[in-house]
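> sharing a model prediction with you, sequence too.
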Amino acid sequence: MKVCTDSCIFGAYIDPEGAQTILDIGSGTGLLSLMLAQKTNAEIDAVEIDADAVLQSEENFKNSPWNNRLHIFSSSIQNFSTEATKKYDLIISNPPFFINHLLSPNPKLNKAIHNTTLSLKELSECVSRLLSPEGKFYVLLPPYEASVFEESLKELKLFLQHRLEVKDKSEGKIIRVIDCYNNTPATSSHRSLIIKNSEGQYTTEFSELLRPYYLFL
């Protein structure tokens, strides 16, 4: 799957401070793991169910300066979570999220963006098993799916800490939500990120967030 802007925002926004072990659920090309490797010294495990995506992640990891800290596992997160022998200080996921949407003729695309192979309930249970007691979980979802997922995680004693609402333009609707959870009940904080201004140029906030990763900013 192609790299998209919301994934780049997600990777840039995640705060890995203090994490010694990181898990990337659904690595795809390995983009998020590579972005986090640039701003932490943590060991990073990535899990991916699609065989071709595993090969792509493996190649990208091997050719990066951080290849000794990046590890790819060819598995469903459901199986991985039952076999893993360690907990993670930070878990991240840009999961397949569309619920009850019309499927594409492309089965790989369906696997990547529809929740036919990983429901939000299954994901919440896997995260609950794998997250360390003081750990954080970051997830990228559309607004409706984010609200559904919040309730699922609350049942497992994982609570929303802060939310970033992403819009293309200030007058537009929220297109994606980035949420951070941990096991401490709290009143969550909310803020917004606007990608482009009324002239169609990247906003200052977007440019500052992505500058470490975008060569042209």
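Looks like it came in fine.
> every contact and neighbour count from this point should use C-alpha atoms.
Will do.
> spatially nearest residue to F206 (excluding sequence neighbours)?
Nearest non-adjacent residue to F206, counting by Cα to Cα, 6 or more residues apart in numbering: I195, 5.7 Å away.
> number of nearby residues for the one you found?
21 (other Cα atoms under 10 Å).
> ok, now Y213?
Y213 has 15 neighbours, counted by other Cα under 10 Å.
> buried stuff in the strand or helix carrying E151?
Using DSSP states H and E, E151 sits in helix 143-155. Burial within helix 143-155, assessed by neighbour count using 16 or more other Cα atoms under 10 Å, is assigned to P143, E145, A146, F149, E150, E151, S152, L153, K154.
> report the angle between the longest strand anywhere in the chain and helix 143-155.
Longest strand of the chain, by residue count under DSSP state E: strand 131-141. On the basis of axes from the mean of the first three to the mean of the last three Cα atoms, to 10 degrees, strand 131-141 is oriented at 170 degrees to helix 143-155.
> so what strands line up beside strand 131-141?
strand 88-93 (parallel), strand 174-182 (antiparallel) (DSSP bridges).
> would TSV of these with mean pLDDT, distance to V54 and mean neighbour count be doable?
What follows is the strands paired with strand 131-141, written out as TSV (pLDDT from 0 to 100; distance: least, Cα to Cα, whole Å; neighbours: other Cα atoms under 10 Å):
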stretch	mean pLDDT	distance to V54	mean neighbour count
strand 88-93	98	16	24
strand 174-182	97	24	21
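> all strands for this structure, in order.
Under DSSP E, the chain gives strands at 21-25, 43-48, 70-74, 88-93, 131-141, 159-167, 174-182, 189-194.
> can you pull the contacts of the most centrally placed residue in the chain?
Residue closest to the average C-alpha location in the chain (Cα atoms, centre = their mean): S93, at 3.0 Å. Each residue near S93 by Cα atoms under 8 Å, 6 or more residues apart in numbering is listed here: D24, I25, G26, Y138, V139, L140.
> against V127, how distant is it?
For S93, the distance to V127 equals 10 Å [Cα to Cα, to the nearest Å].
> do T187 as well
Distance from T187 to V127, by Cα to Cα: 21 Å.
> more crowded one of those two?
More crowded of T187 and V127, by other Cα under 10 Å: V127, with 25 against 10.
> residue contacts, that one?
Counting by Cα under 8 Å, 6+ apart, V127 has contacts S81, I91, F137.
> out of the residues you listed, the closest to Y202 would be?
Nearest to Y202 among the contacts of V127 is F137, at 27.9 Å by Cα to Cα.
> can you check what pLDDT the model gives that closest one?
pLDDT for F137: 98.
> distance of it relative to G18?
On the measure of Cα to Cα, F137 and G18 end up 13 Å apart.
> picking that back up, would you format the strands paired with strand 131-141 as TSV with distance to D168 included?
Output for those, formatted as TSV (distance: least, Cα to Cα, whole Å):
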stretch	distance to D168
strand 88-93	21
strand 174-182	7
